[in-house]
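coordinates only, sequence not included:
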């Protein structure tokens, strides 16, 4: 494959809200792209981060650091539930979150609903390690509108709902609204948990405050914003906001089960889980 001219060897994402930009050195021409009715998806090969997927010019994941996001979007919620059996993933077309969910033996079904099938098809080609559980008999992959799907779901039919969405623009915008959160609350059983990717604790504090406000208004009893490193995203620090339906505290997670889990993780540990439940003072101050 021909090399790009030297001045074109960088993929850069400019992030206006934080006044910053990030760049990745590329090793070759763009590997693939798809223009769908929903978005523009591109795949690049980088020198140090493996392959990179961008959507509408924003980095979605890289080979090197996606484990941070996928582990923290899943395992804190799954180990906070006493016996998670039925999981729903809204978004998550790269299938990394689905893979992590299915590592839990208690899971009987995991439904993934992503509006754009091409995200999954490109992940299968360029991030096959994330898609190795797509054929699991417990998995169901649907390519449709997640908002419509959740409205049609039965009451109290899920234990875990994970909102693995892109930024709150375009197809994902409705996934950050109060009506959608109310529907998630309805679909969860008592003791169920909702997880929503909630952007950067450093840059998007007002968005996080709005997400938490929607969760409280919907009836969730306890919630935490879990921060974790994510080098490929703006500011290098990302978050997932976790909300519990019912009276049990999120402090009461299954520490021993997390310690003795039957699979390996690269970032998540029960100590990381316990530590991230303690929200940093600057974030607590910003959210009050």
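In hand now; what should we look at? Please read all numbers here as calculations on a predicted model, not as lab measurements. Residues are numbered from 1 along each chain as shown.

Can you pull the phi/psi pair for the residue nearest the centre of the chain?
In the chain, the centroid-proximal residue (C-alpha atoms, centre = their mean) is residue 164; its distance is 3.5 Å. Dihedral pair for residue 164: phi -100, psi 70, per degrees, to the nearest 10.

In space, what's closest to it - neighbours in sequence excluded?
With C-beta to C-beta, 6 or more residues apart in numbering as the criterion, residue 164 has its nearest non-adjacent residue at 3.6 Å, and that residue is residue 92. The C-beta positions use only the backbone N, C-alpha and C, and glycine is treated the same way.

Would you mind giving the domain segments of this protein?
6-62, 66-266 (automatic domain parsing).

Packed most tightly, which of these would that be?
domain 66-266 (a mean of 19; mean count of other C-beta atoms under 10 Å).

per-residue confidence averaged over that domain?
Mean pLDDT, computed over domain 66-266, is 94.

Start and end of it, how far apart?
Terminal residues of domain 66-266 are spaced 10 Å apart (C-alpha to C-alpha, to the nearest Å).

mind listing what the residue nearest to residue 164 touches?
98, 112, 114, 162, 164 (C-beta atoms under 8 Å, 6 or more residues apart in numbering).

Ok, residue 159 next?
Residue 159 neighbours (C-beta under 8 Å, 6+ apart): 81, 83, 84, 85, 86, 87, 188, 189, 191, 192, 193.

which one is it nearest to, not counting chain neighbours?
In space, residue 159 is closest to residue 84, 4.5 Å off (C-beta to C-beta, 6+ apart).

for residue 20, same thing?
In space, residue 20 is closest to residue 234, 6.4 Å off (C-beta to C-beta, 6+ apart).

quick one, phi psi at the one you found?
phi -50, psi 130.

how much space is there between it and residue 219?
Per C-beta to C-beta, to the nearest Å, residue 234 is found 32 Å from residue 219.

for residue 98, same thing?
For residue 98 relative to residue 219 (C-beta to C-beta), the value is 27 Å.

and what of residue 28?
51 Å.

Kindly report the same for residue 288.
Residue 288 is 20 Å from residue 219, by C-beta to C-beta.

what does residue 17 give?
31 Å.

do residue 42 as well
40 Å.

give the contact list for the residue nearest to residue 20.
Counting by C-beta under 8 Å, 6+ apart, residue 234 touches 13, 15, 17, 18, 20, 22, 200, 203.
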